[in-house]
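A.B. asks: Here's a sequence, model it:
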Amino acid sequence: MAMTDDGTRSTFLGEVKSAVTPHASLLVLGVLGLMIAFITSYTGAFHHPEPTRVPLGVVAPAQVRGQLVNKLDRLPGTPLDPRAVLSERAARQRIADRTLDGALIVDPRGSTDRLLVAGGGGASLSQTVELVVRSAEKAEHRTVRTIDVRPAAPGDGRSLSSFYLVVGWCVGGYLCAAILAISAGARPSNGHRAVIRLAALAVYALAAGLAGAIIVGPVLGALPGTFFGLWGLGALTVFAVGATTLACQALLGILGIGLAILLIVILGNPSAGGAYPYPLLPPFWRAIGPALPPGAGTWAARSLAYFRGNAVTGPLLVLSAWAVGGALLTLALSVLRRKDEADGTDEKERPHPAGA
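C.D. replies: A predicted model of the protein is given here:
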(Lines give C-alpha, C1' and ligand atoms only; values in the text may rest on other atoms or scores of the structure.)
Protein backbone atom coordinates (compact mmCIF):
# COMPACT_ATOMS: atom_id res chain seq x y z
CA MET A 1 0.00 0.00 0.00
CA ALA A 2 1.05 3.57 -0.68
CA MET A 3 0.66 6.59 1.54
CA THR A 4 -1.65 9.43 0.51
CA ASP A 5 -0.86 13.11 1.00
CA ASP A 6 -2.67 13.20 4.37
CA GLY A 7 -0.64 10.28 5.73
CA THR A 8 -3.30 7.58 5.38
CA ARG A 9 -2.80 4.35 3.48
CA SER A 10 -4.51 3.89 0.11
CA THR A 11 -5.47 0.69 -1.67
CA PHE A 12 -4.35 -0.29 -5.14
CA LEU A 13 -7.84 0.43 -6.47
CA GLY A 14 -7.68 3.85 -4.87
CA GLU A 15 -4.35 4.51 -6.57
CA VAL A 16 -5.84 3.50 -9.93
CA LYS A 17 -8.79 5.83 -9.43
CA SER A 18 -6.43 8.62 -8.48
CA ALA A 19 -4.14 8.07 -11.47
CA VAL A 20 -6.91 7.55 -14.06
CA THR A 21 -9.94 9.64 -13.32
CA PRO A 22 -13.39 8.76 -14.75
CA HIS A 23 -13.11 11.76 -17.06
CA ALA A 24 -9.74 10.55 -18.34
CA SER A 25 -11.18 7.05 -18.80
CA LEU A 26 -13.94 8.41 -21.00
CA LEU A 27 -11.42 10.34 -23.08
CA VAL A 28 -9.25 7.23 -23.47
CA LEU A 29 -12.28 5.26 -24.62
CA GLY A 30 -13.01 8.02 -27.10
CA VAL A 31 -9.46 7.83 -28.43
CA LEU A 32 -9.83 4.04 -28.74
CA GLY A 33 -13.01 4.56 -30.74
CA LEU A 34 -11.27 7.04 -33.05
CA MET A 35 -8.39 4.61 -33.57
CA ILE A 36 -10.79 1.80 -34.50
CA ALA A 37 -12.65 4.14 -36.83
CA PHE A 38 -9.34 5.24 -38.40
CA ILE A 39 -8.28 1.66 -39.14
CA THR A 40 -11.73 0.75 -40.42
CA SER A 41 -12.05 3.78 -42.68
CA TYR A 42 -8.66 3.55 -44.36
CA THR A 43 -8.78 -0.21 -44.74
CA GLY A 44 -12.37 -0.11 -45.97
CA ALA A 45 -11.61 2.54 -48.57
CA PHE A 46 -8.28 1.19 -49.85
CA HIS A 47 -8.22 -2.58 -49.40
CA HIS A 48 -9.88 -3.42 -52.73
CA PRO A 49 -9.84 -0.57 -55.27
CA GLU A 50 -12.08 -1.40 -58.20
CA PRO A 51 -13.12 0.85 -61.12
CA THR A 52 -16.79 1.73 -61.29
CA ARG A 53 -18.32 3.74 -64.13
CA VAL A 54 -15.12 5.56 -65.10
CA PRO A 55 -16.09 8.23 -67.69
CA LEU A 56 -14.48 7.21 -71.00
CA GLY A 57 -14.90 8.94 -74.35
CA VAL A 58 -15.11 6.83 -77.50
CA VAL A 59 -14.09 8.32 -80.85
CA ALA A 60 -14.88 5.90 -83.67
CA PRO A 61 -16.44 5.82 -87.14
CA ALA A 62 -20.20 6.36 -87.01
CA GLN A 63 -20.99 2.85 -88.26
CA VAL A 64 -19.26 1.14 -85.31
CA ARG A 65 -19.43 3.83 -82.64
CA GLY A 66 -22.71 2.79 -81.04
CA GLN A 67 -21.81 -0.91 -81.07
CA LEU A 68 -18.44 -0.24 -79.43
CA VAL A 69 -19.99 1.97 -76.74
CA ASN A 70 -22.49 -0.78 -75.93
CA LYS A 71 -19.77 -3.42 -75.67
CA LEU A 72 -17.68 -1.31 -73.32
CA ASP A 73 -20.76 -0.47 -71.26
CA ARG A 74 -21.54 -4.17 -70.77
CA LEU A 75 -18.10 -5.19 -69.48
CA PRO A 76 -18.35 -7.34 -66.31
CA GLY A 77 -18.56 -5.16 -63.21
CA THR A 78 -19.34 -2.04 -65.28
CA PRO A 79 -15.84 -0.55 -64.87
CA LEU A 80 -16.45 2.03 -67.61
CA ASP A 81 -19.06 4.65 -68.41
CA PRO A 82 -18.41 5.05 -72.16
CA ARG A 83 -19.74 8.07 -74.05
CA ALA A 84 -19.58 8.67 -77.79
CA VAL A 85 -17.44 11.70 -78.71
CA LEU A 86 -17.37 13.12 -82.22
CA SER A 87 -13.66 13.93 -82.53
CA GLU A 88 -10.28 13.52 -80.86
CA ARG A 89 -10.13 17.27 -80.34
CA ALA A 90 -13.43 17.19 -78.45
CA ALA A 91 -12.20 14.23 -76.40
CA ARG A 92 -9.02 16.05 -75.42
CA GLN A 93 -11.05 19.10 -74.42
CA ARG A 94 -13.39 17.04 -72.23
CA ILE A 95 -10.38 15.42 -70.53
CA ALA A 96 -9.02 18.90 -69.87
CA ASP A 97 -12.43 19.91 -68.49
CA ARG A 98 -12.32 16.83 -66.19
CA THR A 99 -15.61 15.46 -67.53
CA LEU A 100 -13.75 12.46 -68.97
CA ASP A 101 -10.97 10.40 -67.38
CA GLY A 102 -9.83 8.97 -70.70
CA ALA A 103 -10.72 8.53 -74.36
CA LEU A 104 -10.37 5.65 -76.81
CA ILE A 105 -9.50 6.79 -80.33
CA VAL A 106 -10.30 4.00 -82.78
CA ASP A 107 -8.22 3.73 -85.96
CA PRO A 108 -10.57 2.59 -88.76
CA ARG A 109 -7.65 1.75 -91.07
CA GLY A 110 -5.62 -0.40 -88.69
CA SER A 111 -5.75 -2.63 -85.63
CA THR A 112 -3.92 -0.35 -83.18
CA ASP A 113 -6.02 2.23 -81.37
CA ARG A 114 -4.95 5.04 -79.03
CA LEU A 115 -6.00 5.58 -75.44
CA LEU A 116 -5.77 9.10 -74.06
CA VAL A 117 -5.39 9.34 -70.27
CA ALA A 118 -4.64 12.08 -67.73
CA GLY A 119 -1.93 10.95 -65.32
CA GLY A 120 -2.12 14.27 -63.47
CA GLY A 121 -5.59 13.30 -62.28
CA GLY A 122 -4.24 10.21 -60.54
CA ALA A 123 -1.77 7.57 -61.69
CA SER A 124 -3.78 4.70 -60.23
CA LEU A 125 -6.86 5.76 -62.20
CA SER A 126 -5.10 6.17 -65.55
CA GLN A 127 -3.34 2.82 -65.11
CA THR A 128 -6.60 1.10 -64.23
CA VAL A 129 -8.35 2.56 -67.29
CA GLU A 130 -5.46 1.34 -69.42
CA LEU A 131 -5.73 -2.20 -68.06
CA VAL A 132 -9.50 -2.36 -68.62
CA VAL A 133 -9.36 -0.97 -72.15
CA ARG A 134 -6.37 -3.09 -73.09
CA SER A 135 -8.22 -6.22 -71.98
CA ALA A 136 -11.34 -5.22 -73.93
CA GLU A 137 -9.29 -4.47 -77.03
CA LYS A 138 -7.49 -7.81 -76.78
CA ALA A 139 -10.83 -9.59 -76.84
CA GLU A 140 -11.49 -7.87 -80.18
CA HIS A 141 -8.02 -8.83 -81.48
CA ARG A 142 -6.86 -5.23 -81.38
CA THR A 143 -4.05 -3.45 -79.56
CA VAL A 144 -3.93 -0.05 -77.90
CA ARG A 145 -1.24 2.58 -77.43
CA THR A 146 -1.55 4.80 -74.37
CA ILE A 147 -0.87 8.54 -74.54
CA ASP A 148 -0.80 10.64 -71.39
CA VAL A 149 -2.20 14.02 -72.43
CA ARG A 150 -2.04 15.49 -68.89
CA PRO A 151 1.02 13.83 -67.33
CA ALA A 152 2.07 14.41 -63.74
CA ALA A 153 5.11 16.60 -63.19
CA PRO A 154 8.48 14.81 -62.81
CA GLY A 155 8.56 15.78 -59.13
CA ASP A 156 5.01 14.62 -58.48
CA GLY A 157 5.26 10.86 -57.97
CA ARG A 158 1.98 9.15 -58.94
CA SER A 159 0.25 12.54 -58.75
CA LEU A 160 0.07 12.38 -54.96
CA SER A 161 1.63 15.74 -54.15
CA SER A 162 -1.75 17.50 -54.36
CA PHE A 163 -3.24 15.09 -51.85
CA TYR A 164 -0.36 15.34 -49.38
CA LEU A 165 -0.34 19.13 -49.70
CA VAL A 166 -4.03 19.32 -48.82
CA VAL A 167 -3.65 16.82 -45.97
CA GLY A 168 -0.89 19.03 -44.54
CA TRP A 169 -3.11 22.09 -44.80
CA CYS A 170 -5.97 20.24 -43.09
CA VAL A 171 -3.73 19.07 -40.24
CA GLY A 172 -2.46 22.60 -39.78
CA GLY A 173 -6.00 23.95 -39.74
CA TYR A 174 -7.43 21.75 -37.01
CA LEU A 175 -4.27 21.83 -34.87
CA CYS A 176 -4.19 25.63 -34.95
CA ALA A 177 -7.87 25.82 -34.05
CA ALA A 178 -7.43 23.30 -31.24
CA ILE A 179 -4.55 25.30 -29.74
CA LEU A 180 -6.49 28.57 -29.99
CA ALA A 181 -9.49 27.02 -28.27
CA ILE A 182 -7.84 25.10 -25.42
CA SER A 183 -5.40 27.88 -24.56
CA ALA A 184 -8.11 29.55 -22.45
CA GLY A 185 -10.81 26.90 -22.19
CA ALA A 186 -12.27 24.66 -24.86
CA ARG A 187 -15.40 26.80 -25.33
CA PRO A 188 -15.17 30.48 -26.32
CA SER A 189 -16.60 32.45 -23.42
CA ASN A 190 -17.99 35.30 -25.49
CA GLY A 191 -18.47 36.58 -29.00
CA HIS A 192 -15.46 38.92 -28.82
CA ARG A 193 -13.10 36.07 -28.01
CA ALA A 194 -14.56 33.99 -30.84
CA VAL A 195 -14.01 36.86 -33.30
CA ILE A 196 -10.41 37.25 -32.15
CA ARG A 197 -9.77 33.52 -32.56
CA LEU A 198 -11.31 33.49 -36.03
CA ALA A 199 -9.19 36.52 -37.00
CA ALA A 200 -6.04 34.81 -35.71
CA LEU A 201 -7.03 31.69 -37.65
CA ALA A 202 -7.44 33.76 -40.83
CA VAL A 203 -3.93 35.23 -40.47
CA TYR A 204 -2.53 31.75 -39.83
CA ALA A 205 -4.42 30.39 -42.86
CA LEU A 206 -2.82 32.97 -45.14
CA ALA A 207 0.64 32.07 -43.82
CA ALA A 208 -0.01 28.31 -44.06
CA GLY A 209 -1.35 28.59 -47.61
CA LEU A 210 1.70 30.58 -48.65
CA ALA A 211 4.11 28.13 -47.00
CA GLY A 212 2.51 25.13 -48.69
CA ALA A 213 2.52 26.79 -52.12
CA ILE A 214 6.20 27.72 -51.73
CA ILE A 215 7.21 24.20 -50.68
CA VAL A 216 5.44 22.33 -53.51
CA GLY A 217 6.33 24.99 -56.07
CA PRO A 218 9.64 26.87 -55.96
CA VAL A 219 11.30 24.66 -53.33
CA LEU A 220 10.50 21.11 -54.49
CA GLY A 221 9.03 21.65 -57.95
CA ALA A 222 6.40 19.04 -57.14
CA LEU A 223 3.37 20.83 -58.59
CA PRO A 224 3.12 23.04 -61.66
CA GLY A 225 0.30 25.52 -62.15
CA THR A 226 -0.47 28.91 -60.67
CA PHE A 227 1.38 29.81 -57.48
CA PHE A 228 -1.20 32.33 -56.35
CA GLY A 229 -4.02 29.90 -57.09
CA LEU A 230 -2.48 27.30 -54.80
CA TRP A 231 -1.83 29.94 -52.15
CA GLY A 232 -5.47 31.00 -52.19
CA LEU A 233 -6.66 27.40 -52.14
CA GLY A 234 -4.42 26.64 -49.17
CA ALA A 235 -5.64 29.64 -47.20
CA LEU A 236 -9.27 28.69 -47.84
CA THR A 237 -8.68 25.03 -46.95
CA VAL A 238 -6.87 25.84 -43.70
CA PHE A 239 -9.50 28.35 -42.63
CA ALA A 240 -12.37 26.00 -43.54
CA VAL A 241 -10.92 23.17 -41.45
CA GLY A 242 -9.94 25.48 -38.60
CA ALA A 243 -13.35 27.18 -38.46
CA THR A 244 -15.05 23.79 -38.48
CA THR A 245 -12.84 22.67 -35.59
CA LEU A 246 -13.65 25.81 -33.59
CA ALA A 247 -17.35 25.19 -34.19
CA CYS A 248 -17.04 21.59 -33.00
CA GLN A 249 -15.27 22.75 -29.85
CA ALA A 250 -17.83 25.48 -29.22
CA LEU A 251 -20.48 22.78 -29.45
CA LEU A 252 -18.85 19.96 -27.46
CA GLY A 253 -15.87 21.44 -25.65
CA ILE A 254 -12.67 19.39 -25.77
CA LEU A 255 -14.64 16.48 -27.24
CA GLY A 256 -15.11 18.67 -30.29
CA ILE A 257 -11.50 17.94 -31.25
CA GLY A 258 -12.49 14.30 -31.63
CA LEU A 259 -15.45 15.27 -33.80
CA ALA A 260 -13.18 17.38 -36.01
CA ILE A 261 -10.74 14.48 -36.38
CA LEU A 262 -13.66 12.21 -37.28
CA LEU A 263 -14.83 14.58 -40.03
CA ILE A 264 -11.48 15.61 -41.47
CA VAL A 265 -9.13 12.67 -40.88
CA ILE A 266 -11.25 9.54 -40.51
CA LEU A 267 -13.94 10.39 -43.05
CA GLY A 268 -12.22 13.06 -45.13
CA ASN A 269 -8.78 11.69 -45.95
CA PRO A 270 -9.72 8.19 -47.22
CA SER A 271 -12.47 9.67 -49.39
CA ALA A 272 -10.38 12.53 -50.77
CA GLY A 273 -9.50 10.78 -54.03
CA GLY A 274 -5.78 11.02 -53.33
CA ALA A 275 -4.18 7.59 -53.57
CA TYR A 276 -7.27 6.26 -55.34
CA PRO A 277 -9.44 8.76 -57.26
CA TYR A 278 -13.21 8.64 -56.84
CA PRO A 279 -14.05 6.02 -59.51
CA LEU A 280 -11.83 3.49 -57.68
CA LEU A 281 -13.38 4.00 -54.23
CA PRO A 282 -16.30 2.07 -52.71
CA PRO A 283 -19.71 3.79 -53.10
CA PHE A 284 -19.86 5.30 -49.59
CA TRP A 285 -16.43 6.93 -49.79
CA ARG A 286 -17.02 8.05 -53.38
CA ALA A 287 -20.26 9.74 -52.29
CA ILE A 288 -18.96 11.68 -49.28
CA GLY A 289 -15.51 12.63 -50.62
CA PRO A 290 -16.44 15.67 -52.73
CA ALA A 291 -18.46 17.16 -49.84
CA LEU A 292 -15.60 17.14 -47.31
CA PRO A 293 -12.64 19.58 -47.18
CA PRO A 294 -9.85 17.07 -48.02
CA GLY A 295 -11.68 15.83 -51.12
CA ALA A 296 -12.64 19.29 -52.32
CA GLY A 297 -9.11 20.55 -51.71
CA THR A 298 -7.42 17.64 -53.48
CA TRP A 299 -9.65 17.94 -56.55
CA ALA A 300 -9.07 21.70 -56.72
CA ALA A 301 -5.29 21.36 -56.28
CA ARG A 302 -5.05 18.85 -59.15
CA SER A 303 -7.23 21.06 -61.33
CA LEU A 304 -4.99 24.05 -60.68
CA ALA A 305 -1.84 22.04 -61.30
CA TYR A 306 -2.77 20.05 -64.40
CA PHE A 307 -6.13 21.15 -65.83
CA ARG A 308 -5.74 24.95 -66.07
CA GLY A 309 -8.12 25.51 -63.18
CA ASN A 310 -11.06 23.75 -64.84
CA ALA A 311 -13.82 22.24 -62.67
CA VAL A 312 -12.84 24.07 -59.47
CA THR A 313 -16.07 25.99 -58.88
CA GLY A 314 -17.82 23.14 -57.06
CA PRO A 315 -14.90 22.30 -54.73
CA LEU A 316 -14.32 25.98 -53.91
CA LEU A 317 -18.00 26.35 -53.01
CA VAL A 318 -17.71 23.30 -50.74
CA LEU A 319 -14.68 24.75 -48.94
CA SER A 320 -16.37 28.14 -48.67
CA ALA A 321 -19.45 26.52 -47.15
CA TRP A 322 -17.34 24.82 -44.46
CA ALA A 323 -15.47 28.07 -43.80
CA VAL A 324 -18.55 30.29 -43.55
CA GLY A 325 -20.63 27.67 -41.76
CA GLY A 326 -17.90 26.96 -39.22
CA ALA A 327 -17.32 30.66 -38.52
CA LEU A 328 -21.02 31.46 -38.14
CA LEU A 329 -21.64 28.46 -35.92
CA THR A 330 -18.65 29.36 -33.74
CA LEU A 331 -19.95 32.91 -33.29
CA ALA A 332 -23.54 31.83 -32.71
CA LEU A 333 -22.66 29.21 -30.10
CA SER A 334 -20.31 31.62 -28.34
CA VAL A 335 -22.94 34.36 -28.11
CA LEU A 336 -25.64 31.92 -26.99
CA ARG A 337 -23.38 30.39 -24.35
CA ARG A 338 -22.47 33.83 -23.04
CA LYS A 339 -26.15 34.73 -22.88
CA ASP A 340 -26.97 31.50 -21.03
CA GLU A 341 -24.21 32.19 -18.51
CA ALA A 342 -25.49 35.74 -17.99
CA ASP A 343 -29.04 34.45 -17.45
CA GLY A 344 -27.75 31.92 -14.93
CA THR A 345 -25.87 34.66 -13.07
CA ASP A 346 -28.94 36.86 -12.99
CA GLU A 347 -30.99 33.99 -11.58
CA LYS A 348 -28.46 33.39 -8.84
CA GLU A 349 -28.29 37.06 -7.90
CA ARG A 350 -32.08 37.61 -7.93
CA PRO A 351 -33.43 37.89 -4.33
CA HIS A 352 -35.76 35.08 -3.27
CA PRO A 353 -39.00 35.63 -1.34
CA ALA A 354 -38.80 35.06 2.37
CA GLY A 355 -39.32 31.46 3.32
CA ALA A 356 -38.68 30.24 -0.24
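A.B. asks: switch to C-alpha atoms for all contacts and neighbour counts from now on
C.D. replies: Will do.
A.B. asks: in stretch 64-75, what counts as buried?
C.D. replies: Across stretch 64-75, burial judged by 16 or more other Cα atoms under 10 Å covers 65, 68, 69, 72, 73.
A.B. asks: Double-check that the fourth one belongs to a helix.
C.D. replies: If I follow you right, that is residue 72. Yes - according to DSSP: H, G, I helix; E, B strand; the rest coil, residue 72 belongs to a helix.
A.B. asks: Quick check, it in contact with residue 83.
C.D. replies: No - with contact defined as Cα atoms under 8 Å, residue 72 and residue 83 do not form a contacting pair (9.6 Å).
A.B. asks: Okay, helices next: where are they in the stretch 151-300 of the chain?
C.D. replies: Remark: helices assigned in the stretch 151-300 of the chain by DSSP state H, counting those that start in this stretch are 161-182, 191-214, 227-252, 255-261, 283-288, 293-306.
A.B. asks: and residue 98, which of those is closest to it?
C.D. replies: helix 293-306 (8.2 Å; Cα to Cα).
A.B. asks: what's the angle from the closest one to helix 161-182?
C.D. replies: 140 degrees (axes from the mean of the first three to the mean of the last three Cα atoms, to 10 degrees).
A.B. asks: List the residues that contact the residue nearest to the spatial centre of the chain.
C.D. replies: Nearest to the mean C-alpha position of the chain, counting by Cα atoms, centre = their mean, stands residue 294 at 1.6 Å. Residues near residue 294 by Cα atoms under 8 Å, 6 or more residues apart in numbering: 163, 166, 167, 170, 264, 268, 269, 271, 272.
A.B. asks: how about 6 Å then?
C.D. replies: 268, 269, 272 (Cα atoms under 6 Å, 6 or more residues apart in numbering).
A.B. asks: ok, now which ones touch the last one?
C.D. replies: When you say that, I think you mean residue 272. Counting by Cα under 6 Å, 6+ apart, residue 272 has contacts 289, 294, 295.
A.B. asks: Please identify which of the helices of the stretch 151-300 of the chain is closest to residue 99.
C.D. replies: helix 293-306 (11.8 Å).
A.B. asks: Let me see the mean pLDDT of that closest one.
C.D. replies: Helix 293-306 carries an average pLDDT of 98.
A.B. asks: ok, now how distant is the residue nearest to residue 303 when sequence neighbours are not counted from residue 301?
C.D. replies: If you skip the residues right next to it in sequence, residue 303 has residue 309 as its closest partner in space, 4.9 Å away by Cα to Cα, 6 or more residues apart in numbering. Per Cα to Cα, to the nearest Å, residue 309 is found 9 Å from residue 301.
A.B. asks: go on, residue 54?
C.D. replies: 21 Å.
A.B. asks: Residue 249 too?
C.D. replies: 28 Å.
A.B. asks: same thing with residue 74?
C.D. replies: Counting by Cα to Cα, the gap from residue 74 to residue 301 is 34 Å.
A.B. asks: how many other residues sit next to the residue nearest to residue 303?
C.D. replies: 18 (other Cα atoms under 10 Å).
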